[in-house]
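A.B. asks: Whatever this is, show me its structure:
(chains A, B, C and D, ligands or ions: 2)
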Amino acid sequence: MINRPGTAEFPHEISLTIPIVPNIEVAATQTAEAVAGFMEFDREQIDEVKHALIEACINAFEHSNSNENKVYIRFIMKHEDLTVIIQDFGQGFDVESVEKPNIESKFGNSYKRGWGLMLIESLMDSVTITSSPAGTVITMTKLRVRSSKNENGAKEVSSD
Amino acid sequence: MINRPGTAEFPHEISLTIPIVPNIEVAATQTAEAVAGFMEFDREQIDEVKHALIEACINAFEHSNSNENKVYIRFIMKHEDLTVIIQDFGQGFDVESVEKPNIESKFGNSYKRGWGLMLIESLMDSVTITSSPAGTVITMTKLRVRSSKNENGAKEVSSD
Amino acid sequence: MINQFAVTMRKESEYAVIYTDGYINNLGGEKIAEVANTLIGDGIYKLVLNLEKSTVVNSIGISILIEIIEKLQETNGKLVFCGLTKTIAKTFTIMGLTQFAAISDTEELAIQGL
Amino acid sequence: MINQFAVTMRKESEYAVIYTDGYINNLGGEKIAEVANTLIGDGIYKLVLNLEKSTVVNSIGISILIEIIEKLQETNGKLVFCGLTKTIAKTFTIMGLTQFAAISDTEELAIQGL
Ligand SMILES: Nc1ncnc2c1ncn2[C@@H]1O[C@H](COP(=O)(O)OP(=O)(O)O)[C@@H](O)[C@H]1O
Ligand SMILES: Nc1ncnc2c1ncn2[C@@H]1O[C@H](COP(=O)(O)OP(=O)(O)O)[C@@H](O)[C@H]1O
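C.D. replies: Ligands and ions are numbered 1, 2, ... in the order given. Down below sits the predicted model:
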């Protein structure tokens, strides 16, 4: 419905604030599921947004050391894409110094972690990360690449 | 998990702001579903919260005449209950003057509407409505009445 | 997904079963009413409304269902619901709708109850 | 619901199939590792991990899966995944995990591939 011209004004924004509590990121993914479904993204696109959002949330949970214990999420729906912005007011980190993980080097190494940011970048179409001692903001966008069939208003059958 | 003593601090609050757009209330219910599921409410409790939330949202959509076109929702999770607060900064209404609907009088009457507030009150355990020309706030609470079996930590099997 | 609502129906000589799939809001209610009105126009006054695939409704949608029941009353017709979630059944009961349209557990029982 | 995760398994003489149900986060990953470690301790070095009922994972959970693969390598064992959503399969591929643990479409194919 959202993609039919003239039916509504754009962009639309939904904002969600969650406390830092184990597993609550799943509540955020449910909101993402609804938002992406509202935009008529297909199952795979929805799952990719959900997974990227989970990684951004658990990073804020684990690493931000935020005093207020909150993560701020905004979903910005446009005709062409969905942007999800995840923000914490924690300690931040040096984005440049994060090494790209490599599977070979994980074997024989007790540190198997370090995949979150790389997955976010791979699962979304564009990602920018800004971080400072005042906190971290991840802005990630998923394009709404729709086949011409769907552009014509035909309903998409997506498995659930 | 949330109901096991010592696992997390209470209360937890999730806040969600949605634009006034047809059908977006379903996104809010998805968040409600996750929150109520997180609290281990059963299927029926979850559905009741979802339906009450839908009614509060569509009232704000239809009647608030809000300039900023937004509805603010807060989910406050406590050990004993879930409170959902739905707020708009619209024109408000005179709560006292709303008549309780009656099915008999709807037949033969072209006005079949007027069920929303009554359903909210019936589906939730306690509801307060405050409204003024500055806007409307509905505060509605669902108790977490759990059977003794569940109190003991046994997993509840709820159909989906 | 969220925006999709579908109605289908199965028409027999004396009655019809209407199946919904999705959120019954104003648009969903109107789609059901369209199908019901066509059936009533065709002289079918006994309807089963199977909501098995509709787990979410709103009061605007339900008020359109009341219109359908009213139309059926004018022709001595009957509507029976089946496939309701516990919460939708509770909602219809709270509203008093069940005085005018029964709820059956299964489609077979609903048809028998027409 | 959200907080529930379950692992079950089916043990044959030469291999075992581990079934997960729910969100594979740190806790989910640890539960899988527990079962895998017990099997490895029992001399079963060929494992199928059927994730059909897990549609959501996080990278902490996956890093625990890497630990399991590492343990199996030490004993010349093998792990094959099946029942993955497209997104989970894509995630494993992006990470390069598929070089060390294959993905099969069905459980039967996974067992054949051990
Ligand atoms: N929101 C954040 N606040 C502070 N530091 C962060 C945040 N997100 C990521 N980081 C830093 O970036 C590193 C890499 O993150 P990631 O790739 O997700 O891997 P992992 O979380 O497994 O370490 C983290 O170890 C942490 O030091
Ligand atoms: N958020 C709101 N802002 C302004 N008026 C409201 C709001 N919610 C309810 N109302 C008023 O209360 C009346 C009754 O609402 P309700 O019981 O939900 O029935 P309906 O929405 O079908 O009219 C509405 O018609 C409207 O006048």
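A.B. asks: Contact residues of chain C facing ligand 2?
C.D. replies: Contact residues, chain C versus ligand 2 (CB under 6 Å from any ligand atom): residue C:59. C-beta here means a position set from N, CA and C on the backbone, and glycine is covered the same way.
A.B. asks: mind listing the helices for chain C?
C.D. replies: Counting by DSSP state H, chain C has helices at residues C:26-41, C:59-74, C:86-95, C:107-112.
A.B. asks: Would you tell me which of these gets closest to residue A:22?
C.D. replies: Set against residue A:22 and scored by CB to CB, the helices of chain C come closest in helix C:86-95, at 29.1 Å.
A.B. asks: tell me which residues of the closest one are tucked away?
C.D. replies: Residues of helix C:86-95 classed as buried: C:87, C:88, C:89, C:90, C:91, C:92, C:94, C:95 (neighbour count, 16 or more other CB atoms under 10 Å in any protein chain shown).
A.B. asks: about what we covered before: of all the helices of chain C, which one is nearest chain D?
C.D. replies: Proximity to chain D (CB to the nearest CB) singles out helix C:86-95 among these, at 16.8 Å.
A.B. asks: Kindly calculate the angle that the closest one makes with helix C:59-74.
C.D. replies: Computed with axes from the mean of the first three to the mean of the last three CA atoms, to 10 degrees, the direction of helix C:86-95 lies at 60 degrees from that of helix C:59-74.
A.B. asks: my read: residue C:85 touches residue C:52, true?
C.D. replies: No: using CB atoms under 8 Å, residue C:85 makes no contact with residue C:52, being 9.1 Å away.
A.B. asks: neighbour count winner among these two?
C.D. replies: residue C:85 (19 against 14; other CB atoms under 10 Å in any protein chain shown).
A.B. asks: Kindly provide the distance from the more buried one to residue C:21.
C.D. replies: In this view, residue C:85 and residue C:21 are 14 Å apart by CB to CB, to the nearest Å.
A.B. asks: How about the contacts made by residue A:15?
C.D. replies: Contacts of residue A:15 were listed using CB atoms under 8 Å, 6 or more residues apart in numbering or on different chains, and they are A:72, A:73, A:74, A:75, B:15, B:16, B:17.
A.B. asks: switch the cut-off to 6 Å
C.D. replies: By CB atoms under 6 Å, 6 or more residues apart in numbering or on different chains, residue A:15 lies in contact with A:74, B:17.
A.B. asks: hang on, it is in a strand, isn't it?
C.D. replies: Yes: assessed with DSSP: H, G, I helix; E, B strand; the rest coil, residue A:15 lies in a strand.
A.B. asks: Okay, it and residue A:36: tell me how far apart.
C.D. replies: Counting by CB to CB - residue A:15 and residue A:36 are separated by 16 Å.
A.B. asks: same question, residue A:104
C.D. replies: Between residue A:104 and residue A:36 the distance, using CB to CB, works out to 34 Å.
A.B. asks: any idea how far residue C:4 is from chain A?
C.D. replies: Going from residue C:4 to chain A by CB to the nearest CB, to the nearest Å gives 6 Å.
A.B. asks: Could you pull up the contacting residues of that residue?
C.D. replies: residue C:22.
A.B. asks: And residue A:68, by the same measure?
C.D. replies: Per CB under 6 Å, 6+ apart, neighbours of residue A:68: none.
A.B. asks: same deal with residue A:136?
C.D. replies: A:88, A:92.
A.B. asks: what about the helices in chain A?
C.D. replies: In chain A, the helices defined using DSSP H lie at A:25-38, A:43-63, A:103-106, A:116-123, A:148-151.
A.B. asks: and of these, who's closest to residue B:58?
C.D. replies: helix A:25-38 (15.6 Å).
A.B. asks: So which elements touch the closest one?
C.D. replies: Judged by 3 or more CB pairs under 6 Å, 6 or more residues apart in numbering or on different chains; DSSP states H and E, the packing partners of helix A:25-38 are strand A:12-19, helix A:43-63, helix B:25-38.
A.B. asks: need those in JSON lines with distance to ligand 2 and mean pLDDT, can you?
C.D. replies: Shown next, in JSON lines, are those (distance: least, CB to the nearest ligand atom, whole Å; pLDDT from 0 to 100):
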{"stretch": "strand A:12-19", "distance to ligand 2": "19", "mean pLDDT": "96"}
{"stretch": "helix A:43-63", "distance to ligand 2": "30", "mean pLDDT": "97"}
{"stretch": "helix B:25-38", "distance to ligand 2": "13", "mean pLDDT": "94"}
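A.B. asks: Residue C:87 and residue B:48 touch, don't they?
C.D. replies: Yes: using CB atoms under 6 Å, residue C:87 makes contact with residue B:48 at a distance of 5.4 Å.
A.B. asks: what comes up buried for stretch A:37-52?
C.D. replies: Quick answer for stretch A:37-52 (16+ other CB under 10 Å): A:37-43, A:45-52.
A.B. asks: between those residues, which is closest to residue B:21?
C.D. replies: residue A:38 (8.5 Å).
A.B. asks: what about that closest one, distance to residue A:30?
C.D. replies: 13 Å.
A.B. asks: what's the answer for residue A:37, then?
C.D. replies: 10 Å.
A.B. asks: tell me the pLDDT at residue 98?
C.D. replies: With no chain named, the answer covers chain A. The model reports residue A:98 with a pLDDT of 97.
A.B. asks: The intended chain is chain C.
C.D. replies: 96.
A.B. asks: Identify the residue nearest it in space, chain neighbours excluded?
C.D. replies: residue C:92 (5.4 Å; CB to CB, 6 or more residues apart in numbering or on different chains).
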